[in-house]
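J.: Next one to model:
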Amino acid sequence: MRQVTVTADATGVTPPVVLDQYLTPFSVTYSNSGSGTVQVSTTDPFSGSAFVWATAPTTAPNATNFLGQPYRAIRISGGAENDTLTVIQAGVQ
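T.: Numbering: from 1, shown residues only. This next block holds a predicted model:
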């Protein structure tokens with residue numbers, strides 16, 4: 001996946017960045033500007049259902065700014081307008 005950068009709107013929320021849960025090993029690095037909370041979801045982004053969001057975990061196999069277990073999407077919530085989230089995913093299909 002190429003680097004993806006999304007920007008928060010006036011409500012402080014970015015559009016979700018869809019992740020590929022089938023890449024092995026699952027490895028996502030992210031950085032955010034501002035004070036928003038990074039959130040992840042296991043909801044299938046193509047199901048038509050609303051995303052269910054949770055705060056991004058920071059305990060193993062994850063860490064601050066790194067996801068090591070499969071998620072379907074990532075975003076920022078509760079930030080300020082123009083906060084950014086940059087995401088890079090690595091792995092082999």
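J.: going forward, measure contacts and count neighbours with C-alpha atoms only.
T.: Fine.
J.: okay, which residue is most central for the chain?
T.: Ile74 (1.9 Å; CA atoms, centre = their mean).
J.: Find the nearest non-adjacent residue to it, please.
T.: Nearest residue to Ile74 in three dimensions, chain neighbours excluded: Val40, at 4.4 Å (CA to CA, 6 or more residues apart in numbering).
J.: Next: Ser77.
T.: Val13 (4.5 Å).
J.: which residues sit against stretch 21-35?
T.: Residues outside stretch 21-35 that contact it (CA atoms under 8 Å, 6 or more residues apart in numbering) are 38, 65-72, 76, 78-80, 83-93.
J.: Next: stretch 68-81.
T.: 7-22, 25-28, 32, 34-45, 60-62, 84-85.
J.: same check, this time on stretch 84-93
T.: With CA under 8 Å, 6+ apart as the criterion, stretch 84-93 contacts 1-8, 14, 17, 19, 22-34, 75-76.
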